[in-house]
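Trainee: Model the structure of this input:
(chains A and B)
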Amino acid sequence: MTFPLPRVALAAVAAALTTTPAFAQSTLDRGDTAWMITATVLVLLMIVPGLALFYGGLVRAKNLLSVLTQVTAIACMVSIIWVIYGYSLAFTGDSGLIGDFSKAFLAGIAPDTLSGSIPEYVFLSFQMTFACITTALIVGGIAERMRFAALLAFAVLWVTFVYFPLAHMVWSENGYLLKLGALDFAGGTVVHINSGIAALVGALMLGKRIGYGRDLLAPHSLPLTMVGGALLWVGWFGFNAGSALQANGTAALAMINTFVATAAAGLAWMLIEWATKGAPSLLGLISGAIAGLVAVTPAAGLIGPMGAIVLGAIGGAVSLFFCTTVKNALRYDDSLDVFGIHAVAGIVGSIGTGILVSPSLGGVGVEGYDMATQVWKQVVAVAVAVAWCGVISAILYKVVDVVIGLRVSKETEREGLDLAEHTERAYNM
Amino acid sequence: MSMKIVTAIIKPFKLEEVRDALTALGVHGLTVTEVKGYGRQKGHTEIYRGAEYAVTFVPKIKIEIAIPATQVERTVAAIVTAARTGQIGDGKIFVSDLEHAMRIRTGEVDAAAL
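Mentor: Sure, this is the predicted structure:
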C-alpha cells in the first residue's frame, strides 16, 4: 500500500492554505512528479560533485582523490543498500523505531505505484539521495587519515543501524518523533545533526592528523571548495523545496527560504570574520552559506522568509563560533568542520524551527501550536538524534577498528592517501 | 680559465629586469628555480576558518649562471642594480667555484661550454 508521505502530512498542515492535504489525493500529478524527479537529481548533484569538491578543495593535494573516492563510493554503496533493504526499514512498519522488510528489494512497487501524487519510485529515489549524502558527509570528519576499507565497512553499518532508524523515527508515519510532533521539514536531525555527530565521534576516535597544530594543513584548492559549495547551494533547492514532495506553495516557500537564509548566513560569517580577524575570507563566506543552508533545512517549508533571514544569520554566527573558538579551545581534529557546521547549525535550525513556525513570527503554524511545547519537542528530537547517533556510531567505529583497523599507518598518512591507498596522483604537473 | 657559478636569490617580480640586465651583458643562458625562504623578511598569516597559520617562508626566484671568473664582478653588479628595491627581502647573491662544465650536445668543455 502506498502511504501518503508523512512529510507531506507535515507539509499538509503547513500548506493548509493552498492545497488539499496530499493524503486525500491518490492520482498521479505530472507537475509534482516532474518537480520531484528534478529535485532528486539536484540532491545527487549535491553529492557528486558538490560535496566531493567542497571537501576535496579543503584537504591537502596529496589527499584530494581519497576524498573524491570516499564520497562517490559511499554514494554508490548506499544507493544499493537503500533499494535492497534501506527503504523498507526506513519507511514501512508499525513500530516507532524501525520498519520491516516488507518492501525489501522494492517488493510490490511498480512504475505506476503511487506515493501521494508521485510515483513511489520517485519518492524512494529522492529519499535514497538523502541517505547517500548523510553518510557521505561523515567523510569530512575523518578525512586524511581513515582507511578506505574501514570507511566503507563503517558506512554500511552506520547507514543501517543509525540512519535508517532515525529516518524512520522522524519521517515514517509511525515514527516515534513524528508522532511526538517534532518538526523537521527536510532533515535537520536526520541528515545534519546525524552526520555531524558521527563525524565528531569519528574524529575523536581516530585522533588528530599528524602535524595538527604544528604543520600547515591548509586547504590546497579553495577554488574547488567554492565550486563544490556553489553546487551544494544550487542542489539544496532540490533538498529543501523537494521535501515538500509537491510542486506547490510549500515548495515555493522552501525555495525562498533556501535563498535568504543562505545569503544571511554567508554574510553573517563573513562580516563577523571581517570584524574579528581583520579580513573577509572566501572560505568564511562559503562556510557561512553552508551553515545557513543547514540551519534552514528543518525549517524550510515551515517558517517565513524574514524568519529565515534571522535563522540563517544566527546559524552562521553560532557555527562560526564553534568552528573557531570552541574547536581551538577543545582541540579536536574535525578536519572539515562537519560537526561545527552540520551538527551545530542543524541544532540551531531544529530548535529555531520550533520558534519561527509560529504564525506570529511569520511561520505557517501547526495545529494546536504552543511555542514552549513545540520547542520542547524539538529539543527532544535533537537529543534523540544526538544520543542515538553518538552512542551507536562510537560502537560501530570500535567494531570496525577491532576487526579491520580504522587509521592508516603513519607512512601512508605522510605519503598521502591518494598514492598509498588509491595508487593515483591528483596532479601530474 | 677558471669558472664560477653566480647564484642569486631575488624577489619574483624582479626576474624580467634581471634577465634583461644579464642579456645586455652578454649572458645568454641561465637557470631559474622557484624557491621559498626567509631571512629578515617576515612571512604572513593565513587564516582558514579556525586555523591560523604563520607562514614564515616567502616565495623567491633563484637564478644560477655559469660564467668565466673574469666576468663575475660586472655580472654581480648588474644583478644587484636590477634586483634592488631598497626594501627588506631583496635577496642575496652567492658566488662559488665551478670545476667543470660541458655542453651536452657537442661535448665542448669548460669555457667553450659556457
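Trainee: Surely A:I256 is in a helix?
Mentor: Yes: assessed by DSSP: H, G, I helix; E, B strand; the rest coil, A:I256 belongs to a helix.
Trainee: Flag every buried residue along stretch A:173-183.
Mentor: A:E173, A:N174, A:G175, A:Y176, A:L177, A:L178, A:L180, A:G181, A:A182, A:L183 (16 or more other C-beta atoms under 10 Å in any protein chain shown). (C-beta placed from N, C-alpha, C; glycine too.)
Trainee: now these as a markdown table including pLDDT?
Mentor: Formatted as a markdown table, those follow (pLDDT from 0 to 100):
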| residue | pLDDT |
| --- | --- |
| A:E173 | 91 |
| A:N174 | 93 |
| A:G175 | 94 |
| A:Y176 | 95 |
| A:L177 | 95 |
| A:L178 | 94 |
| A:L180 | 95 |
| A:G181 | 95 |
| A:A182 | 95 |
| A:L183 | 96 |
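Trainee: Widest-spaced pair of these?
Mentor: A:N174 and A:L183 (17.1 Å; C-beta to C-beta).
Trainee: if I pick residue 69, what's in contact with it?
Mentor: By default, I'm working from chain A. A:F148, A:H422 (C-beta atoms under 8 Å, 6 or more residues apart in numbering or on different chains).
Trainee: that's the wrong chain, I meant chain B
Mentor: B:M1, B:S2, B:M3, B:K4.
Trainee: So in terms of bridging, what pairs with the third one?
Mentor: B:M3 has the following beta-bridge partners by DSSP bridges: B:P68, B:L98.
Trainee: Run a quick neighbour tally on B:E17.
Mentor: 15 (other C-beta atoms under 10 Å in any protein chain shown).
Trainee: now the residue lying closest to A:A394 once chain neighbours are set aside: how far from chain B?
Mentor: Leaving aside its sequence neighbours, A:A394 sits nearest to A:V201 (C-beta to C-beta, 6 or more residues apart in numbering or on different chains; 5.2 Å). Note on A:V201: its distance to chain B, by C-beta to the nearest C-beta, to the nearest Å, is 19 Å.
Trainee: and A:V201, that one's in a helix?
Mentor: Yes: checked against three-state DSSP, A:V201 lies within a helix.
Trainee: wait, doesn't it sit right on A:L396?
Mentor: No: applying C-beta atoms under 8 Å as the test, A:V201 and A:L396 come out as separate, 9.1 Å apart.
Trainee: In chain B, what residue comes closest to chain A?
Mentor: Proximity of chain B to chain A (C-beta to the nearest C-beta) peaks at B:G50, 3.7 Å away.
Trainee: Please point out which parts of stretch A:351-359 sit buried.
Mentor: Buried residues in stretch A:351-359 (16+ other C-beta under 10 Å): A:I351, A:G352, A:T353, A:G354, A:I355, A:L356, A:V357, A:S358.
Trainee: ok now do the first one, which residues does it touch?
Mentor: Residues touching A:I351, when contacts are defined by C-beta under 8 Å, 6+ apart, comprise A:V375, A:Q378, A:V379, A:V382.
Trainee: can you check the fifth one too?
Mentor: Counting by C-beta under 8 Å, 6+ apart, A:I355 makes contact with A:L361, A:M371, A:Q374, A:V375.
Trainee: Now, the residues you listed that are in strands?
Mentor: Judged by DSSP state E, strands contain none of the contacts of A:I355.
Trainee: top of these by neighbour count?
Mentor: In the contacts of A:I355, the most neighbours by other C-beta under 10 Å go to A:Q374, 21 neighbours.
Trainee: how close does that residue get to chain B?
Mentor: 33 Å.
Trainee: if I look at that residue, how far off is A:A199?
Mentor: A:Q374 is 28 Å from A:A199, where distance means C-beta to C-beta, to the nearest Å.
Trainee: again with A:G57
Mentor: Taken as C-beta to C-beta, the span from A:G57 to A:A199 is 18 Å.
Trainee: With A:L106 instead?
Mentor: Taking C-beta to C-beta as the measure, A:L106 falls 30 Å from A:A199.
Trainee: ranges for the strands of the chain?
Mentor: Picked chain A for this. Counting by DSSP E, the strands of chain A are A:114-115, A:118-119.
Trainee: switch to chain B, that's the one I care about
Mentor: Using DSSP E, strands in chain B cover B:3-10, B:31-37, B:44-48, B:51-55, B:58-68, B:91-98.
Trainee: Let me know which of those is tucked in deepest.
Mentor: Of all the strands of chain B, strand B:3-10 has the most neighbours on average by mean count of other C-beta atoms under 10 Å in any protein chain shown, namely a mean of 20.
Trainee: got a list of contacts for it?
Mentor: So strand B:3-10 is contacted by B:18, B:35, B:37, B:60-69, B:72, B:75-76, B:79, B:83, B:90-99, B:101, B:110-111, B:114 (C-beta under 8 Å, 6+ apart).
Trainee: That strand relative to strand B:91-98, how many degrees between them?
Mentor: 160 degrees (axes from the mean of the first three to the mean of the last three C-alpha atoms, to 10 degrees).
Trainee: Strand B:3-10 to strand B:31-37, inter-axis angle?
Mentor: Using the same axes, to 10 degrees: strand B:3-10 against strand B:31-37 is 50 degrees.
Trainee: got the angle for strand B:3-10 vs strand B:58-68?
Mentor: 160 degrees.
Trainee: Give me the distance between the residue lying closest to A:A90 once chain neighbours are set aside and A:Q374.
Mentor: Leaving aside its chain neighbours, A:A90 sits nearest to A:A167 (4.3 Å; criterion: C-beta to C-beta, 6+ apart). Taking C-beta to C-beta as the measure, A:A167 falls 21 Å from A:Q374.
Trainee: Could you count how many residues lie near A:G235?
Mentor: By the measure other C-beta under 10 Å, the count of residues near A:G235 is 24.
Trainee: same deal with the one 10 residues further on?
Mentor: The number of residues packed near A:L245 is 30, by other C-beta under 10 Å.
Trainee: Surely it touches A:M36?
Mentor: Yes: because the distance of 6.6 Å satisfies C-beta under 8 Å, A:L245 is recorded as touching A:M36.
Trainee: residues shared between the contacts of the two?
Mentor: A:I118, A:F123, A:F126.
Trainee: can you pull the pLDDT of the residue of chain B positioned farthest from its centre?
Mentor: Farthest-out residue of chain B from its mean C-alpha position, per C-alpha atoms, centre = their mean: B:G50, at 37.4 Å. In the predicted model, B:G50 carries a pLDDT score of 81.
Trainee: show me what contacts it?
Mentor: A:C323, A:T324, A:T325, A:K327, A:N328, A:D337, A:G340.
Trainee: among those, who's most crowded?
Mentor: Counting neighbours by other C-beta under 10 Å, A:G340 comes out on top of these with 29 neighbours.
Trainee: ok, that one to B:G50 distance?
Mentor: For A:G340, the distance to B:G50 - C-beta to C-beta - is 8 Å.
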